[in-house]
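# Sharing a sequence plus its predicted fold:
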Amino acid sequence: MDLENQKRVKDLTEEYGAENVVVLLGASEGEASGLAAETVTNGDPTYAGPLAGVSLGLVVYHVCEEEVKAEFDPDVYEEQVSMMEMVLDVDEIAGEMQAIREQYTQY
Amino acid sequence: MKNSVMMGAGYILVHTPDLVVHYGTTQTSERIVNPGSEYLKQIKTSLRTYDRVRSYYPNQTYIGNITPFDLAKIDGPWQNLTCPVDDRYGPFGEIMPQDEFYLLIQAVDEFELVFLEKGFVETTKTKLAGDPIISSYILSRIRDGIESERVNNMVESGEAEGLYMDDRLVGAVKKAHAFDPNLSAHVMVENLVSKASSTLALLYAVRNAGIDRREVEYTIDCSEEACGDMNQRGGGNFAKATAEIAELSRSTGCDIRGFCAAPSHAVIVAAGLVKAGIFKTVAVTAGGSTAKLGMNGKDHVKKGLPILEDVLGGFAVIISANDGINPEINTDSIGWHAVGTGSAPQNVISSLATDPLDKLGLKVTDIDYYSPEMQNPDITKPAGAGDVPAANLKMIGALAVKRGDIDRRELPAFVAKHGLPGFAPTQGHIPSGVPVMGHAREGMLRGEINRVMIIGKGSLFLGRMTNLFDGVSFIMEPNSGAEEAPAVSSEEIRRIIARSLRDFASGLLKAGENDE
């Protein structure tokens, strides 16, 4: 995850409390989604950014996961996300995300 | 008014393993953040040799010895394969080795900032002189080398950054100001590397276009570096500086920036300038980026791969008035992502791919090939970024499904038929749409390709000035015929009428004489 984004997630978590933060991802690959999810839960696996060694344990989802989709106005989802849903390997992404949540999410 | 045409292109790569180690930001950052890391220990053994870089399929495709249409038939990853063609030179350009490139860096230096070691210059200058594109003017700009002790002192004192060959210090680039960070030795290396690689690409583009150097009236640089001092950090002008070394003596020019989208913006501007008759011939050129060398190196090494981002890329195209032969840049159907377009993928792809087709009454399937971000998947897949050109084609195909141009079941076939494999190094602006222009031109001249859409995209948010994304697109088409003859002038019309009246009058006189 981009170092600047790591810093923003860290700052927002300090400001609002980890239990009040949900991170929503839009990465196009299962592996990339998993890495970003790991960064905001267990810490930056590349040890390069502000979240290196910092386990925030945040709740994290990908925008194409069913749980998130259910929260959307269907028209908005159709307009903003449906095309990508057709393109992405949603099952692979959801599998990665669930594994990370089960392992590292604390809330 | 006829569209402008693409006269030719230059595509070059430079193998720079030591620049990977010393100037790639992944490596420089790692040395600051994690000085004892495993990655830093493994870099040296993870670099490819020059021979290996030459026998790499994507590199041979970039310089034109293999077409992307043929590359598509060879299953990747290609890093395990050996390309049967391993020539240094191709129809579009070359793969230059690092030692010769260091001499080129000195040749483009106007301020005596680059110093090379004596023995290194003596052995390398003969090699560079054997490169047919290197002019006697460029060779004459290479100075005699200096003692290695002086080079060492410059680097050790901190007034210069080093240039290395397999870790041996062979040169130094001095800072250009006592304390201005914009003219630091590191920035001067980045900018001189960009200028040198851009010059090389520009020389090939002019040669391949078959024009005289004096025909180029305007040059546009579209790289991602910025040159200037503390009073004007991105003042420019790489374009004119590069045109000077390429001996384009009648050219002025300027820089266009737009992150990775800049090359597509620049081609559109060039096509517009030519079509409007402001300049007859315009060169668009860009050099490579040292910062991006080894950008995904940590992922590659972690997966047991060599560091694949070990080459600088450069490209240049020549846009000129319609000659009735070369492929046209269709400026009637430019696509652009506007401020109000939004960031939803379908809005982005509509603005870039389908809106311009609608203007021409075309379907998504009427474009033979789409050339979006042509990053080499060997590099991006191990880094978790997937196959970028394929992902873009899937998005265009998905939009085609939503528009009813194709059936959903046809989506995989659409991607295979209208997409091309990524073969360009991940040098930001270098893979962004334009690598296919050279191959598209050749295919159109052979009568094998009808329409190609070039799509450039840019991540503007990286500059922290806006959260917006950007992109522009244009269509290349075979030539539709030469420029019309200029319209008849009013002077000519007066002469025609006068002649007709004279003929009419003499006819009347003759008729009168006969009557008598």
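Received it, and whenever you're ready, just let me know what you need.
# near chain B, which residues of chain A?
Residues of chain A found near chain B (Cβ under 8 Å from any Cβ of the partner chain) are A:4, A:28-29, A:31-32, A:35, A:46-48, A:79-84, A:86-87. From N, CA and C alone the C-beta is placed, and that goes for glycine too.
# Filter the residues you listed down to the buried ones.
Neighbour counting with 16 or more other Cβ atoms under 10 Å in any protein chain shown marks A:28-29, A:31-32, A:35, A:46, A:48, A:80-84, A:86-87 as buried within the residues of chain A next to chain B.
# wait, which of those residues is closest to B:Arg48?
Taking Cβ to Cβ as the measure, A:Thr46 is the one of these closest to B:Arg48, at 22.9 Å.
# got the contact list for that closest one?
A:Thr46 makes contact with A:Ala52, B:Lys298, according to Cβ atoms under 8 Å, 6 or more residues apart in numbering or on different chains.
# Check the gap between it and B:Ser198 for me.
Distance, A:Thr46 to B:Ser198, using Cβ to Cβ, to the nearest Å: 32 Å.
# Ok, B:Ala321 next?
Counting by Cβ to Cβ, the gap from B:Ala321 to B:Ser198 is 24 Å.
# and the two? which has more neighbours close in?
B:Ser198 (32 against 17; other Cβ atoms under 10 Å in any protein chain shown).
# secondary structure class for B:Met476?
strand (DSSP: H, G, I helix; E, B strand; the rest coil).
# So in terms of bridging, what pairs with it?
Legend: beta-bridge partners of B:Met476 under DSSP bridges are B:Ile329, B:Val452.
# Which two among the buried ones among the residues of chain A next to chain B are spaced furthest apart?
Top of the distance list for these (Cβ to Cβ): A:Ala48 and A:Ser82, 34.5 Å.
# What about the buried ones among the residues of chain A next to chain B, which are in helices?
Among these, the residues falling in helices (DSSP state H) are A:Glu31, A:Ala32, A:Leu35, A:Gln80, A:Ser82, A:Met83, A:Met84, A:Met86, A:Val87.
# Can you tell me, leaving aside adjacent residues, what's nearest to the last one?
Counting by Cβ to Cβ, 6 or more residues apart in numbering or on different chains, the nearest residue to A:Val87 once its immediate chain neighbours are dropped is B:Lys394, at 4.3 Å.
# what about the residue nearest to A:Leu58 when sequence neighbours are not counted, which helix or strand?
In this structure, A:Leu58 finds its nearest non-sequential neighbour in A:Val40, 4.8 Å apart by Cβ to Cβ, 6+ apart. Assigned by DSSP states H and E, A:Val40 belongs to helix A:30-41.
# ok, then the element right after that helix?
strand A:59-62.
# That next one pairs with which strands, parallel or anti?
strand A:22-25 (parallel).
# Distance from stretch B:158-174 to the middle of the chain?
Stretch B:158-174 has its C-alpha centroid displaced from the chain centroid by 27 Å (Cα atoms, centre = their mean, to the nearest Å).
# The host helix or strand of the residue nearest to A:Val87: which residues count as buried?
For B:Lys394, the element it lies in under DSSP H and E is helix B:388-403. Residues of helix B:388-403 classed as buried by neighbour count (16+ other Cβ under 10 Å): B:388-402.
# Likewise for stretch B:367-375?
B:Ile367, B:Asp368, B:Tyr369, B:Tyr370, B:Ser371, B:Pro372, B:Glu373, B:Met374, B:Gln375.
# hmm, back to that, averaged pLDDT, the helix holding B:Lys394. What do you get?
Here helix B:388-403 scores 94 as its mean pLDDT.
# Give me the contact list for the helix or strand that comes right after it.
Proceeding N to C from helix B:388-403, the next assigned helix or strand is helix B:411-418, under DSSP H and E. For helix B:411-418, contacts defined as Cβ under 8 Å, 6+ apart pick out A:86, B:364-365, B:367-370, B:390, B:393-394, B:396-398, B:400-401, B:406.
# Quick check: the two most widely separated of those residues?
Every pair of those checked by Cβ to Cβ; the farthest is A:Met86 and B:Asp368, at 23.0 Å.
# who touches B:Leu192 in this structure?
By Cβ under 8 Å, 6+ apart, the residues touching B:Leu192 are B:Ile105, B:Val108, B:Asp109, B:Leu113, B:Val114, B:Val173.
# Kindly indicate which of those lies nearest chain A.
B:Val173 (27.0 Å; Cβ to the nearest Cβ).
# That closest one reaches B:Ala160, doesn't it?
Yes - taking Cβ atoms under 8 Å as the definition, B:Val173 is a contact partner of B:Ala160 at 5.8 Å.
# ok, B:Arg441 - contacts?
Counting by Cβ under 8 Å, 6+ apart, B:Arg441 has contacts B:Met6, B:Gly8, B:Ala9, B:Asn326, B:Pro327, B:Met476.
# please redo it, this time with the cut-off set to 10 Å
B:5-9, B:92, B:208, B:317, B:326-327, B:449, B:452, B:476, B:478 (Cβ atoms under 10 Å, 6 or more residues apart in numbering or on different chains).
# In helices only, show me those residues.
Of these, the ones assigned to helices by DSSP H are B:Asn208.
# For the contacts of B:Arg441, name the two members farthest from one another.
Between any two of the contacts of B:Arg441 (Cβ to Cβ), the greatest distance is 19.4 Å, for B:Phe92 and B:Pro478.
# Spell out which parts of the stretch 301-450 of chain B neighbour chain A.
B:302, B:342-350, B:380-388, B:390-399, B:401-402, B:408, B:411, B:415 (Cβ under 10 Å from any Cβ of the partner chain).
# ok, now which residue in chain A is the farthest from the centroid?
When each C-alpha in chain A is compared with the mean C-alpha position (Cα atoms, centre = their mean), A:Asp75 comes out farthest, at 22.9 Å.
# what's the angle from the stretch of helix or strand B:His439 belongs to to helix B:388-403?
Using DSSP H and E, B:His439 maps to helix B:435-445. Relative orientation of helix B:435-445 and helix B:388-403, computed by axes from the mean of the first three to the mean of the last three Cα atoms, to 10 degrees: 70 degrees.
# tell me which residues of helix B:435-445 are tucked away?
The neighbour-count check on helix B:435-445 (16+ other Cβ under 10 Å) flags B:Pro435, B:Val436, B:Met437, B:Gly438, B:His439, B:Ala440, B:Arg441, B:Glu442, B:Gly443, B:Met444 as buried.
# Thought B:Gly10 was touching the fourth one, still the case?
Yes - with contacts defined as Cβ atoms under 10 Å, B:Gly438 counts as touching B:Gly10 at a distance of 8.2 Å.
# which residues do these two both contact?
Shared contacts of B:Gly438 and B:Gly10, counting by Cβ under 10 Å, 6+ apart, come down to B:Ile63, B:Gly64, B:Phe92, B:Gly93, B:Tyr204, B:Ala205, B:Asn208, B:Phe315, B:Val317.
# chain center to stretch B:199-210, what's the gap?
The answer for stretch B:199-210 is 12 Å, by Cα atoms, centre = their mean.
# Actually, stretch A:31-39.
Offset of stretch A:31-39 from its chain centre (Cα atoms, centre = their mean): 7 Å.
# C-alpha coordinates for stretch B:343-350, PDB please?
Output in PDB follows, covering the C-alpha atoms of stretch B:343-350 (Å, rounded to 0.1, in the frame of the first residue of the first chain):
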ATOM      1  CA  SER B 343     -13.600   8.000 -11.200                       C
ATOM      2  CA  ALA B 344     -16.000   5.100 -11.700                       C
ATOM      3  CA  PRO B 345     -14.300   2.600 -14.100                       C
ATOM      4  CA  GLN B 346     -17.200   2.600 -16.500                       C
ATOM      5  CA  ASN B 347     -17.200   6.400 -16.700                       C
ATOM      6  CA  VAL B 348     -13.400   6.400 -17.300                       C
ATOM      7  CA  ILE B 349     -13.500   3.800 -20.000                       C
ATOM      8  CA  SER B 350     -16.600   5.400 -21.700                       C
END
